[in-house]
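Visitor: from the sequence below, what's the structure:
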Amino acid sequence: MDQPQVPPSLSLFLPNQPLTHAVNRDRYDRQAFIKEIEKVTGRRVIVYMSNLNHSDSAILREDIAPFNEIIASIDKDSDVDFIIQSPGGDPNAAEIIVHTLLSRTKHLRVVVPQAAKSAATLVSLAADEIVMSNTSELGPIDPQVTIPTSFGLAFRPAQAFLNGLEMIKKEHANGQALNPAYYPFLKGVDAALIDYCLKSIEHSKRLAVKWLSRSMHKGNLKEAQRIAEELINIEKYPNHGQVIDHFDAKSIGLNVVYKPYGDELWQAWWRLYVNYIVMMREREVVKIFESSDASVML
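Guide: Got it, this is the predicted structure:
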């Protein structure tokens, strides 16, 4: 018996592997939408999306392999829109991600739908421009270190740790009795930890200056240094999670392009973003690395 023939016009829309397509239809839909955005902008789209509600969402060295997998499909000297959401993480891993990204990029535009904090803010400084809206936030770039406390190990800003140590020294020098609350803190303090804090601060500052000098403040080392000093200043930003919105980011001196919520292109990016966050919440996904022709989910 002859098999029914699919009309030629219809066969163009049918996948070769229907079951695979059905299982991965959400990813295929997102990638098809990314292609539509690329057609409008004439730019490649790269997505790094972290689940902010997951404990393992930080930027890590384990991100480098999947990120490289996505970047491999991008031609050299491409104009790239890098959509990022991350709470931050390891500055060294962020540095490798930036180097990998810039190896393929002629013009880099970082898009922040909601949050690119700490080390993710550092990554954003490598962009020629940062696109933000009313929902977008960057954050201070002061590095966090593991500090012993009475409740166990905790992350604290490196500069705040050094400031606290200096405060204890001054109290002791003035003849005040040492507060017992300081004992767990001082028990884990040694010269190596102090040196590590100092070097971590300098490292974050160096990366900020390096990337600002090659991007939005190319050739203007003095301005790059000023902005880096401001972003790492815990007197101005005492809370590591503090919001730096598009107004603040622009006033600091960053090249921020503001998109109102109703902007057509912003609506496209936002639609893509909410698809990611809903799917990640439902499936308890930690991270997604995606482009129009490659995808890795962790």
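
Visitor: how far is the helix or strand where Ile168 lies from where the chain is centred?
Guide: Counting by DSSP states H and E, the element that carries Ile168 is helix 158-173. Computed by Cα atoms, centre = their mean, to the nearest Å, the chain-centroid distance of helix 158-173 equals 31 Å.

Visitor: any idea of the mean pLDDT in that helix?
Guide: The predicted model assigns helix 158-173 a mean pLDDT of 75.

Visitor: what of stretch 34-45?
Guide: 96.

Visitor: Pro140 touches Ile232, doesn't it?
Guide: Yes. With contact defined as Cβ atoms under 8 Å, Pro140 counts as touching Ile232 (6.7 Å). Bear in mind the C-beta positions are built from the backbone N, C-alpha and C, glycine included.

Visitor: more crowded one of these two?
Guide: Ranked by neighbour count (other Cβ atoms under 10 Å), Pro140 and Ile232 place Pro140 first, with 25 against 21.

Visitor: show me what contacts the more buried one?
Guide: 118, 121, 231-234, 237, 240, 242, 244 (Cβ atoms under 8 Å, 6 or more residues apart in numbering).

Visitor: just the buried ones out of those residues, please.
Guide: Taking 16 or more other Cβ atoms under 10 Å as the criterion, what is buried in the contacts of Pro140 is 118, 121, 231-232, 234, 237, 240, 244.

Visitor: same list (those) but as TSV, adding pLDDT, distance to Val112 and secondary structure.
Guide: What follows is those, written out as TSV (pLDDT from 0 to 100; distance: Cβ to Cβ, whole Å; DSSP: H, G, I helix; E, B strand; the rest coil):
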residue	pLDDT	distance to Val112	secondary structure
Ser118	91	13	coil
Thr121	96	9	helix
Leu231	94	15	helix
Ile232	91	19	coil
Ile234	81	22	coil
Tyr237	85	17	coil
His240	79	17	coil
Ile244	96	10	strand
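
Visitor: now for those residues: which two are most distant?
Guide: Distance extremes for those: the farthest pair is Thr121 and Ile234 at 14.4 Å, using Cβ to Cβ.

Visitor: leaving out chain neighbours, which residue sits closest to Pro238?
Guide: Ala160 (7.9 Å; Cβ to Cβ, 6 or more residues apart in numbering).

Visitor: thought that neighbour was touching Ile232?
Guide: No. At 11.8 Å, Ala160 does not count as touching Ile232 under the criterion of Cβ under 8 Å.

Visitor: overlap in contacts, these two.
Guide: Asp142.

Visitor: center of this protein - which residue?
Guide: Among the residues of the chain, the one closest to the centroid is Ala120, at 2.7 Å (Cα atoms, centre = their mean).

Visitor: list the pairing partners of the helix or strand that contains Val80 within its sheet, with orientation.
Guide: In this assignment (DSSP H and E), Val80 forms part of strand 78-85. Next to strand 78-85 in the sheet, as set by DSSP bridges, lie strand 44-50 (parallel), strand 105-111 (parallel).

Visitor: now it: buried residues?
Guide: Quick answer for strand 78-85 (16+ other Cβ under 10 Å): 80-85.

Visitor: with these in mind, which one is nearest to Ile194?
Guide: So of the buried residues of strand 78-85, ranked by how close each gets to Ile194 (Cβ to Cβ), first place is Ile84, at 32.6 Å.

Visitor: so the closest one touches Ala116, yeah?
Guide: Yes. If you go by Cβ under 8 Å, Ile84 and Ala116 touch, sitting 5.0 Å apart.

Visitor: okay, and the common contacts of the two?
Guide: 110, 123-124.

Visitor: burial count for the closest residue to Ala58 other than its chain neighbours?
Guide: In this structure, Ala58 finds its nearest non-sequential neighbour in Gly89, 3.3 Å apart by Cβ to Cβ, 6+ apart. Neighbour count of Gly89, defined by other Cβ under 10 Å: 22.

Visitor: show the pLDDT at Gly89.
Guide: 86.

Visitor: what residues are bridge-paired with it?
Guide: Ile59.

Visitor: what residue ranges in the chain score low on pLDDT?
Guide: Applying pLDDT under 70 to the chain flags residues 1-24, 146-156, 172, 181-185, 187-188.

Visitor: hang on, the earlier thing: any chance of the buried ones among the contacts of Pro140 in JSON lines, with distance to Glu62 too?
Guide: As requested, those are exported to JSON lines (distance: Cβ to Cβ, whole Å):
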{"residue": "Ser118", "distance to Glu62": "17"}
{"residue": "Thr121", "distance to Glu62": "20"}
{"residue": "Leu231", "distance to Glu62": "26"}
{"residue": "Ile232", "distance to Glu62": "26"}
{"residue": "Ile234", "distance to Glu62": "29"}
{"residue": "Tyr237", "distance to Glu62": "28"}
{"residue": "His240", "distance to Glu62": "23"}
{"residue": "Ile244", "distance to Glu62": "27"}
